[in-house]
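Colleague: Structure of the sequence below:
(one chain, ligands or ions: 1)
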Amino acid sequence: MDITDRTVLIVGGTSGIGNGLARRFADAGSTVIVGGRDTDRVDGLETVTIDVTDPGSIARARDEVLAAHPDLDLVVTMSGVMVLEDLRDPAHTDQAETTIAVNLLGTIRVLDAFTPHLLGQGHGDFITVTSGIAFMPFPLMATYGATKAAVHAYSESLRAQLAGTGVGVTELVPPAVATAGQEQVNPNALPLDAFLDEAVEILTQDPTPNEVVVERAQALRWAERDGTYAELLEQRSRALSTLPGR
Ligand SMILES: NC(=O)c1ccc[n+]([C@@H]2O[C@H](COP(=O)([O-])OP(=O)(O)OC[C@H]3O[C@@H](n4cnc5c(N)ncnc54)[C@H](OP(=O)(O)O)[C@@H]3O)[C@@H](O)[C@H]2O)c1
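Modeller: Sure thing, here's the model as predicted:
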């Protein structure tokens with residue numbers, strides 16, 4: 001994928017990985033708009049206010065972006081929340097609902113909002129965002145993993161449905177990256193720049209791969225194939241001991 005001459009909207013680009021990716025595209029020469037609820041914290045990039053849990057907000061953001069950038073040719077669905085859950089506590093349903101609303105339904109709604117534009121244009125790309133956790137659960141983040149597995153499956157279907165239209169679908173599969181507070185709780189999280197260096201190198205290959213899986217994410221992505229799934233899941237379940245009362 002070329003990143004030097006795109007007009008790209010990164011929904012969920014107001015912080016973290018999305019903001020870092022936005023700066024990579026901008027530095028490479030692309031026109032970049034970042035979206036999110038809290039656009040005030042963004043310096044030096046064009047922004048659009050969008051709440052992916054609100055269909056009206058998505059429609060307004062789409063209209064605003066397409067009016068200013070009728071040549072928009074890449075949409076990244078980066079918005080996501082990462083929530084720890086105690087499944088023995090019935091109150092976790094609230095966390096599950098929020099996680100599904102942002103990570104899964106929010107992704108689908110943003111894809112739906114821009115599909116007619118990209119199809120009408122006859123070329124363009126979506127980049128969806130999952131996680132190593134889509135392929136290898138981290139049991140402390142149960143609904144998070146479920147939504148990311150769902151976005152993986154959805155991305156595969158979207159790619160199949162858009163085949164032959166000129167609109168591509170690429171799935172970004174980050175491992176733990178030192179953003180969104182991960183840097184405090186996970187000393188093994190990959191520094192953002194190291195992640196972006198590798199991810200951009202893979203993303204810019206020709207032909208564009210269906211999935212961008214950096215080296216650190218490969219053990220999770222391929223655990224089932226590699227026969228390491230049960231052992232890794234057991235290791236990752238040890239973090240449950242940090243829940244109150246365990
Ligand atoms: N960091 C990791 O270890 C890791 C690993 C695998 C996958 N990922 C995925 O990578 C993506 C980015 O994560 P990150 O680590 O960069 O986290 P982050 O810094 O918290 O970024 C999350 C982004 O999502 C946006 N967002 C959250 N709720 C939203 C809503 N209702 N409407 C619109 N935007 C919303 C936030 O913008 P506002 O708050 O301004 O709305 C922000 O721009 C997520 O999808 C995450 O699941 C992260």
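
Colleague: did I read that right, Phe126 in a strand?
Modeller: Yes. Counting by DSSP: H, G, I helix; E, B strand; the rest coil, Phe126 falls inside a strand.

Colleague: Now do the same contact list for it.
Modeller: Phe126 makes contact with 74-77, 111, 114, 118, 158, 167-170 under the criterion CB atoms under 8 Å, 6 or more residues apart in numbering. Placement of C-beta: from N, CA and C, glycine included.

Colleague: Can I get the residues you listed in TSV including distance to the ligand?
Modeller: Listed next are the contacts of Phe126 as TSV, based on distance: CB to the nearest ligand atom, whole Å:
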residue	distance to the ligand
Leu74	16
Val75	13
Val76	10
Thr77	8
Leu111	14
Phe114	14
Leu118	20
Leu158	16
Val167	21
Gly168	19
Val169	16
Thr170	14
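
Colleague: Next step: those residues restricted to strands.
Modeller: Among the contacts of Phe126, DSSP state E puts 74-77, 167-170 in strands.

Colleague: Where do the helices of the chain begin and end?
Modeller: 16-28, 55-68, 92-99, 106-121, 142-162, 182-185, 192-203, 215-221, 223-226, 229-237 (DSSP state H).

Colleague: would TSV of those with mean neighbour count be doable?
Modeller: Output for the helices of the chain, formatted as TSV (neighbours: other CB atoms under 10 Å):
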stretch	mean neighbour count
helix 16-28	20
helix 55-68	16
helix 92-99	16
helix 106-121	18
helix 142-162	19
helix 182-185	13
helix 192-203	17
helix 215-221	19
helix 223-226	13
helix 229-237	13
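
Colleague: Least reliable of those helices by average pLDDT, please.
Modeller: Looking at the helices of the chain, the lowest mean pLDDT belongs to helix 182-185 (a mean of 70).

Colleague: Quickly check: that helix near the ligand or not.
Modeller: Yes. Contact check for helix 182-185 against the ligand, using CB under 6 Å from any ligand atom: residues in range are Gln182.

Colleague: who's in contact with Leu171?
Modeller: Careful, residue 171 is Glu; it's not Leu. With CB under 8 Å, 6+ apart, Glu171 has these contacts: 127-130, 151-152, 155, 210-212.

Colleague: now, which of the residues you listed sits nearest Thr204?
Modeller: Val212 (10.0 Å; CB to CB).

Colleague: Tell me the spacing between Thr92 and Val83.
Modeller: Actually, residue 92 is His. It isn't Thr. 9 Å (CB to CB, to the nearest Å).

Colleague: ignore the last one, Leu104
Modeller: According to CB to CB, Leu104 and Val83 sit 13 Å apart.

Colleague: Repeat that for Val169.
Modeller: Where Val83 is concerned, Val169 sits at a distance of 26 Å (CB to CB).

Colleague: Settle it for me: which of the two has more neighbours?
Modeller: Legend: neighbour count by other CB atoms under 10 Å for Val169 and Val83, higher for Val169 (21 against 17).

Colleague: Overlap of the contact sets of His92 and Val83?
Modeller: Thr143.

Colleague: Just the terminal-to-terminal distance for stretch 66-78.
Modeller: Taking CA to CA, to the nearest Å, stretch 66-78 runs 19 Å from one end to the other.

Colleague: same question, stretch 232-246
Modeller: End-to-end distance of stretch 232-246 (CA to CA): 20 Å.

Colleague: So it, near the ligand or not?
Modeller: No. Judged by CB under 6 Å from any ligand atom, stretch 232-246 makes no contact with the ligand; its nearest approach is 13.8 Å.
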